[in-house]
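K.L.:
Generate a structure from the sequence data that follows.
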Amino acid sequence: MPDSTLGVLILAAGKGTRMKSALPKVLFPILDKPMLGYLLKTILEDGFGDVAVLVGHEGERVRDYLRIFPSVEVLWQEEQLGTGHAVQVARPWWGRFRQLLVLNGDLPFLSSDTLKSFVQEHRGAGAGCSLLSFVTERPDGYGRVLRGPEGVFVVEHKDASPEQRLVREVNAGCYVFATEALSRVIGRLKNRNAQGEYYLPDVVALMNTEGLKAHAAVAGEDELLGVNTQAELAEMTRRMRDSLVQGWMAMGVRVMDPSAVWIGPDVKLAPGVCLMPGAQIWGNSVVGENSTVGPCCILRNAVLGREVTLTAHVIVEDSELRDGSKAGPFAYIREGSLLGERAFAGKFVELKKTSVGKGSKVPHLSYMGDAVLGEDVNIGAGSVTCNYDGKNKFPTKIGDRCFVGSDTMMVAPVTLGDDSATAAGSTVTADVPEGALAVGRARQKNIEGWTRARRRR
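P.N.:
Numbering: from 1, shown residues only. Just a heads-up that it's a prediction; the model follows:
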């Protein structure tokens, strides 16, 4: 049950200048999920309170992403004048809460346990504000946390003196405020600093001057490192990859080379799954027990049943492979295709919006698009369902136990009845009755002596 006294404000309006990109920083993906998504998932799943995200730079793109979180309110900072200005802009929203948790949107590793402890420590301290800090050997770019007889203060890196820059305790950009105390000082922020911005950490100093206690809680560096550059994004992505892979290995997934496998955060793997080097599994993919994802295979929103084998270089997108099926090498299965139980899609085969029935085989060098194949069908090499006339797509239906000869062109719409067959090299333009053989090719003609005559010429 969400805490009705606590509001959670996530700051996501910044440009992320050092990322050197027009994409809002919080939308940069870590694995295949925007970094903002990790923080929102943590907050929403544990019911911290009502949540709002403050957007600004390229805010429409952030707003569009937030549609998958219908309970999250979107607030706007039209001018990006600093984090303090961001909280000022959001005042009409947070004014209804007793306490306000403010977080930067680039903290994908921040855990629920750390946030709960932080909020509890703030309440126990009876402070007007609390900030979360960590100790690091790489403090450049972070505000320094200074502790003294007058209380806790924060000095931004660009405004810090050489002596202050030696301090290794830094501000993580996470705060809890008593909103009554915050309301007394938020309007008094000044922008007399190197950036000409209104800094939220200056609220800490204002609290001290008002006799309102400021508190700093120390947490682990691993959870609180933000993302400010492309290099830091790559490092954060590697860390997330390693964390997920190690977690799946602990649950019985076999990973031959953990440094060469990529698994998305929403993937589900069963015990006994084997992932070979170069495997990538993304989106809402599910892989069943004892299935093997071979070298350099890529899955996105794919569902694999039990004991499925992808040999190598197989791409499966938005499709399902049922128990005991097999694909590859170099197969492409996409757009809602289905490979039935013990079915096979072999080398250089493409399936698009195609259902392949139980025990059926498309062994090599074929394209099946907008097609339904029955059970125990065999498709010869080089066969194609010609489903597109340049304007519209048409279906092909192949019945049970059909044998399609090599290099058969099936010009849709067309139906092959159960137990029918096509001769190799045929172009099939009309329905084939049940049990019939379709021969649709020119009659062979042999010209005697042609080779010798050609050589003489």
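K.L.:
what does stretch 401-409 contact?
P.N.:
Residues outside stretch 401-409 that contact it (C-beta atoms under 8 Å, 6 or more residues apart in numbering) are 373-384, 386, 398, 410, 416-428. For the C-beta atoms, the positions are set from N, CA and C on the backbone; glycine is no exception.
K.L.:
Run through the neighbouring helices and strands of the strand ranked longest in the chain.
P.N.:
Longest strand of the chain, by residue count under DSSP state E: strand 169-178. In terms of contacts (3 or more C-beta pairs under 8 Å, 6 or more residues apart in numbering; DSSP states H and E), strand 169-178 is packed against strand 99-104, helix 112-125, strand 129-135, strand 144-148.
K.L.:
Assign a three-state SS to the nearest residue to residue 150 once chain neighbours are set aside, would you?
P.N.:
Using C-beta to C-beta, 6 or more residues apart in numbering and skipping residues adjacent in sequence, the residue nearest residue 150 is residue 208, 6.0 Å away. At residue 208 the chain is in helix, as set by DSSP: H, G, I helix; E, B strand; the rest coil.
K.L.:
For residue 225, see how far away residue 208 is.
P.N.:
As judged by C-beta to C-beta, to the nearest Å, residue 208 and residue 225 stand 27 Å apart.
K.L.:
so how far is residue 59 from the residue nearest to residue 150?
P.N.:
34 Å.
K.L.:
rewinding a little: narrow the contacts of stretch 401-409 to just the buried residues.
P.N.:
Buried by 16 or more other C-beta atoms under 10 Å: 373-384, 386, 398, 410, 416-417, 419-423, 425-428, out of the contacts of stretch 401-409.
K.L.:
Narrow the contacts of stretch 401-409 to those in strands?
P.N.:
373, 378, 379, 384, 386, 398, 410, 416, 421, 422, 427, 428.
K.L.:
For residue 434, state which of those residues is nearest.
P.N.:
residue 416 (9.0 Å; C-beta to C-beta).
K.L.:
Can you tell me how far residue 137 is from residue 225?
P.N.:
Taking C-beta to C-beta, one finds residue 137 at 12 Å from residue 225.
K.L.:
Looking at the two, which one has more neighbours?
P.N.:
residue 225 (23 against 6; other C-beta atoms under 10 Å).
K.L.:
how about that one, what does it touch?
P.N.:
Going by C-beta under 8 Å, 6+ apart, the list of residues near residue 225 reads 109, 136, 232, 236.
K.L.:
so where do the helices sit in this protein?
P.N.:
35-45, 59-65, 83-89, 91-94, 112-125, 179-185, 202-209, 221-224, 230-250, 450-456 (DSSP state H).
K.L.:
and the fifth one with strand 169-178, angle?
P.N.:
Orientation check (axes from the mean of the first three to the mean of the last three C-alpha atoms, to 10 degrees): helix 112-125 against strand 169-178 gives 60 degrees.
K.L.:
Would you mark the buried spots in helix 112-125?
P.N.:
Buried-residue list, helix 112-125, by 16+ other C-beta under 10 Å: 114, 115, 118, 119, 121, 122, 125.
K.L.:
Might you calculate how far the longest strand of the chain sits from the centre of the chain?
P.N.:
Centroid displacement of strand 169-178 relative to its chain, using C-alpha atoms, centre = their mean, to the nearest Å, is 28 Å.
K.L.:
quick check: mean pLDDT across it?
P.N.:
For strand 169-178, mean pLDDT is 94.
K.L.:
So what touches it?
P.N.:
11, 83, 98-104, 107, 110, 118-119, 122, 127-136, 139, 142-145, 147, 154, 200-201, 203, 212, 216, 218-219, 224, 226.
K.L.:
A ChimeraX selection for the residues you listed, restricted to the buried ones, would help me check which they are.
P.N.:
Of the contacts of strand 169-178, the buried ones can be selected in ChimeraX as follows, counting by 16+ other C-beta under 10 Å:
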select :11,83,99,100,101,102,103,104,107,110,118,119,122,127,128,129,130,131,132,133,134,139,142,143,144,145,154,200,201,203,212,216,219,224,226
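K.L.:
so which of the helices of the chain comes closest to residue 311?
P.N.:
Per C-beta to C-beta, nearest to residue 311 of these: helix 230-250, 21.4 Å.
K.L.:
Report the buried residues of that closest one.
P.N.:
For helix 230-250, by 16+ other C-beta under 10 Å, it's 232, 233, 236, 237, 240, 241, 244, 245, 248.
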